[in-house]
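Q: Sequence first, then the predicted structure, then my questions.
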There are 2 protein chains.
Amino acid sequence: MAEGFDVLIIGAGPAGLAAGMYAARANMKTLVLGFPSKSNMAKAKRVFNYLGFPEGIGGEEFQQASRRQAERYKAAVLEKEVVSVDRQEKGFRVKTSDENEYEAKAIVIACGKSYKRIGLQNEETFVGKGVHYCVICDGYFYKSKKVAVIGNGNYAAEEALELLSYTKNITIFSNDETVEISENLLKKLKENNIGFTEGKISAFEGDRFFRNLLMADGSKAQLDGVFIAVGVASASAFSNRLGIGMDTAGNVVVDRDGKTNVDGIFAAGDCTGGNPQALKSAGEGCNAALAAVKFVKGRSVYIDYKEE
Amino acid sequence: MAEGFDVLIIGAGPAGLAAGMYAARANMKTLVLGFPSKSNMAKAKRVFNYLGFPEGIGGEEFQQASRRQAERYKAAVLEKEVVSVDRQEKGFRVKTSDENEYEAKAIVIACGKSYKRIGLQNEETFVGKGVHYCVICDGYFYKSKKVAVIGNGNYAAEEALELLSYTKNITIFSNDETVEISENLLKKLKENNIGFTEGKISAFEGDRFFRNLLMADGSKAQLDGVFIAVGVASASAFSNRLGIGMDTAGNVVVDRDGKTNVDGIFAAGDCTGGNPQALKSAGEGCNAALAAVKFVKGRSVYIDYKEE
C-alpha cells in the first residue's frame, strides 16, 4: 500500500524546500520529492541576492542548509524523480521512477521551469508543427504515425510509453547523451519494441512542417513528429494530466496564495513564471505551503508565528 | 533642492531591504527610508522559518545583515520617517518628518501592516461611525466639528494639521504615551492652537454613532469624531493621497509583480496583505524592485542573474 502524506511537494529547489519546511512546521505529514543538489540554485557558485547573506552564500551550501531546515521539522526529503500525478478518490497518487507510489491530500508543484527546449536549429520554427513537448497534449495527432522521443532519462521513457496509446512506431533518440533509464522502464520499453537511436542531432528539417532530423553524421531520420522530453517531467506534464490551468508560456497559473484552478493542487517557484530568483521562489513556497495546509486542515486561517 | 533617486523604498523590513538590495544591484540610485531595527522582524527573538537558516537567526541580526547587504550595492538606508508622498510633474516627492524632501522616479511601498487599530473597547463598533483612520479619506465629514486625533508621534501631528482643512477644533489625545513629535511639527501645532490631552483612554462610547471617549479616570471627552493615528504613517495614508487601490481590509492591491494601479508605485510585504512572513515579504520585495527597475529603465526584461 502506498504511504500517505498530508502535503507532498514535487521539487526540492528553494520553492520546494520552503514549502516542505512550512508544511512540516504546521504539523503536516510532509514529503518532498526531488534532488536538492540538482536545482538551479545548487548550480550557482555563489549567490549574492538572497536576503540575509550579505557576504553571499554558495548555492550548494544553501540547498543543503535548506534541506536540513525542512528535515528539522520532520519533512521527509527523498531524492526521487516523479513521473506522474493522478487524482484518486481522495486526494492524489504520485508515482516515482523507481516504481514507488505515494498518496497525498494536497500537492505543491515546485518542479522548476516548465518544459525545456533542447536548443537545436529550427526548434522554435516547428513547435506545434511536428515538434512537441507533451505526449498527453499532442500525442493524439500521431495515430499510427512514425514518431521519436528525444531524451535520455526516465521522463523520456515515460513519454515513449505514453505514446503507445497512439502508435507502435516509436524510437527514443538519446542525442549523444548517456541513457539513464531505470531497469524497470527499460524492460517495459523492450517489451513494447521501443528502440534507441544514438548519435548527436544537428537540426530539425522540413518546410512548413517538420519532416526529419538531421544528424551530426549527415544522415537523416525521417519522422512524422518528435516529442522532446529532456531532463525530468515538467509542470506541463503534470498539469495537462490533472487539468491545471497554464498560460501560453507554459507556466502554471496561480493566484497570490499559490492556488491553481484544481482543488488541492498548489504551485510555487519557476514553474509558475515570474522572476527566476531564489528569494521570490522561497517566498512563494511559503505561500503555497500555507495554502495547502489550510486546504488539508479545512480552515481558513493559519499563521505561522511560532518561535522556539 | 531635493535629492533625486531612481527608486525610493518606504520601509526597511524584509520587504523594503530586499527591494533596496535588488534595485541597487540593478544600478538604480536607491534610497530606503525606514528603521531596520523597528520592523516586526527585528522584534523576533529568533526566527526559524526563514529558508537558509536551519538553526534560526535572531530577528535583529537578520535585519542588520540585510541592511548591510542592501548597502553593499550602494543603496542608501536612512532612518527617517516618511510623512507624505506626492506626485509631481515627473515622478514623486517624498517628505520626511525632519522636513527633508526626496524625489524619486519610482516608489516601493513596504511600510508594513496597514493602519493599526488601537485596540480599545468598542473600536470596531464605531469604525466609520465617528472612528476613523485617515484624515484625507474622512476628514471631509467633520467640517467645523470637534475632533480628536489619537496618537503620540509625528504621524498624529501630520494628521491633526491635515484636519485644519476642515475644522479648527482639534485636540491630540496621547493615550498615556510619551509624546514624540519633532520640534518643527510641535511649533506648527502650537501656531494652529492644536492642544494635547494626556491620560489613558478606556473606551469609545455612543449609541449608533460614537459620542465620547471614556477616560480611565472616569471622565468623558465629548467629540464628534476621532482619527486614530498611532505609530507611523501607514500604507493607507500614502495610498489615499495617490489614488492607489486598496482592498476592504486596508491592504494595497498589487499584482504578482508588485504593481499597484498607479504607474510608478509598487508595493511589497505586509502592507499588501497575505501571509505575514519575512520570507514571503522578502520575495515580494524582490518582485516589486525588479518591476520598479523595469519601469525606470523603460524596458520589459530584467533578470538579475549576476554572480560575482
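A: Received the coordinates, thanks. Residues are numbered from 1 along each chain as shown, chains lettered A, B, ... in the order given.
Q: Settle this for me: A:Val131 is touching A:Val226, isn't it.
A: Yes. Under the criterion of C-beta atoms under 8 Å, A:Val131 makes contact with A:Val226 at 5.7 Å. C-beta coordinates here come from the backbone N, C-alpha and C atoms, glycine included.
Q: any shared contact partners between those two?
A: Taking C-beta atoms under 8 Å, 6 or more residues apart in numbering or on different chains as the criterion, A:Val131 and A:Val226 both touch A:204, A:210.
Q: Those two: which has the busier surroundings?
A: Taking other C-beta atoms under 10 Å in any protein chain shown, A:Val131 and A:Val226 do not tie; A:Val226 has more neighbours (27 against 24).
Q: Quick one: list the elements packing against the helix or strand containing that one.
A: Assigning secondary structure by DSSP states H and E places A:Val226 in strand A:225-228. Packed against strand A:225-228, as judged by 3 or more C-beta pairs under 8 Å, 6 or more residues apart in numbering or on different chains; DSSP states H and E, are the following elements: strand A:131-132, helix A:135-138, strand A:146-150, strand A:210-215.
Q: Just the endpoints, please. Distance across stretch A:167-175?
A: 22 Å (C-alpha to C-alpha, to the nearest Å).
Q: can you list the domains in chain A?
A: A:3-114+A:234-297, A:124-228 (automatic domain parsing).
Q: Could I get the buried residue list for stretch A:99-111?
A: A:102-111 (16 or more other C-beta atoms under 10 Å in any protein chain shown).
Q: Return the helix or strand in chain A with minimum mean pLDDT.
A: Within chain A, confidence by mean pLDDT, DSSP states H and E is lowest for helix A:135-138 among all helices and strands, at a mean of 74.
Q: Check what pLDDT the spatially most central residue of chain A gets.
A: Compute the mean C-alpha point of chain A, and by C-alpha atoms, centre = their mean the closest residue is A:Ser234, 3.0 Å away. On the pLDDT scale, A:Ser234 is placed at 74.
Q: And for A:Val253?
A: 95.
Q: Apart from its neighbours in sequence, what residue is nearest it?
A: Among residues not flanking A:Val253 along the chain, A:Gly245 sits closest, at 4.3 Å (C-beta to C-beta, 6 or more residues apart in numbering or on different chains).
Q: what do you get for A:Phe266?
A: Nearest one to A:Phe266, counting by C-beta to C-beta, 6+ apart, is A:Ala288 at 4.1 Å.
Q: Can you verify my assumption that that neighbour contacts A:Gly258?
A: Yes. The criterion here is C-beta under 8 Å, and A:Ala288 meets it with A:Gly258 at 3.1 Å.
Q: More neighbours: those two, which one.
A: Between A:Ala288 and A:Gly258, A:Ala288 has the larger neighbour count (other C-beta under 10 Å), namely 34 against 28.
Q: Please name the residues that touch that one.
A: A:15, A:19, A:108, A:110, A:254, A:257-258, A:266-268.
Q: Which of those fall in helices?
A: If you go by DSSP state H, those have A:15, A:19 in helices.
Q: buried set for the helix or strand just after the strand holding A:Val226?
A: Once the chain leaves strand A:225-228, the next helix or strand it forms, by DSSP H and E, is helix A:235-242. By neighbour count on 16+ other C-beta under 10 Å, the buried set for helix A:235-242 is A:235-239, A:241-242.
Q: Name the surrounding residues that touch helix A:235-242.
A: Residues contacting helix A:235-242 (C-beta under 8 Å, 6+ apart): A:10, A:82, A:84-87, A:109, A:111-112, A:114-115, A:133-134, A:136-137, A:155, A:244-246, A:250-252, A:260, A:262, A:265, A:267, A:271.
Q: Please apply the same query to stretch A:247-264.
A: By C-beta under 8 Å, 6+ apart, stretch A:247-264 touches A:91-92, A:105-109, A:114-115, A:133, A:234-236, A:239, A:242-246, A:266-268, A:271-274, A:284, A:287-292, A:295, B:256, B:274.
Q: how about a cut-off of 6 Å?
A: Applying C-beta atoms under 6 Å, 6 or more residues apart in numbering or on different chains, the external contacts of stretch A:247-264 come out as A:106, A:114-115, A:235-236, A:239, A:242, A:244-246, A:266-268, A:271-273, A:284, A:287-288, A:291, A:295.
Q: Sort out for me which of the buried residues of stretch A:99-111 are in strands.
A: Among the buried residues of stretch A:99-111, the members falling in strands are A:102-109 (criterion: DSSP state E).
Q: Could you dump the contacts of A:Ala288 into JSON lines and include distance to A:Gly52?
A: Output for these, formatted as JSON lines (distance: C-beta to C-beta, whole Å):
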{"residue": "A:Ala15", "distance to A:Gly52": "17"}
{"residue": "A:Ala19", "distance to A:Gly52": "19"}
{"residue": "A:Val108", "distance to A:Gly52": "23"}
{"residue": "A:Ala110", "distance to A:Gly52": "20"}
{"residue": "A:Val254", "distance to A:Gly52": "25"}
{"residue": "A:Asp257", "distance to A:Gly52": "24"}
{"residue": "A:Gly258", "distance to A:Gly52": "22"}
{"residue": "A:Phe266", "distance to A:Gly52": "25"}
{"residue": "A:Ala267", "distance to A:Gly52": "25"}
{"residue": "A:Ala268", "distance to A:Gly52": "19"}
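Q: looking at the contacts of A:Ala288, which has the most residues close by?
A: A:Ala19 (40 neighbours).
Q: Look at that residue and report its pLDDT.
A: Value for A:Ala19, per-residue pLDDT: 98.
Q: Next one: it relative to B:Gly20, how far apart?
A: Taking C-beta to C-beta, to the nearest Å as the measure, A:Ala19 falls 27 Å from B:Gly20.
Q: do A:Ser202 as well
A: Where B:Gly20 is concerned, A:Ser202 sits at a distance of 48 Å (C-beta to C-beta).
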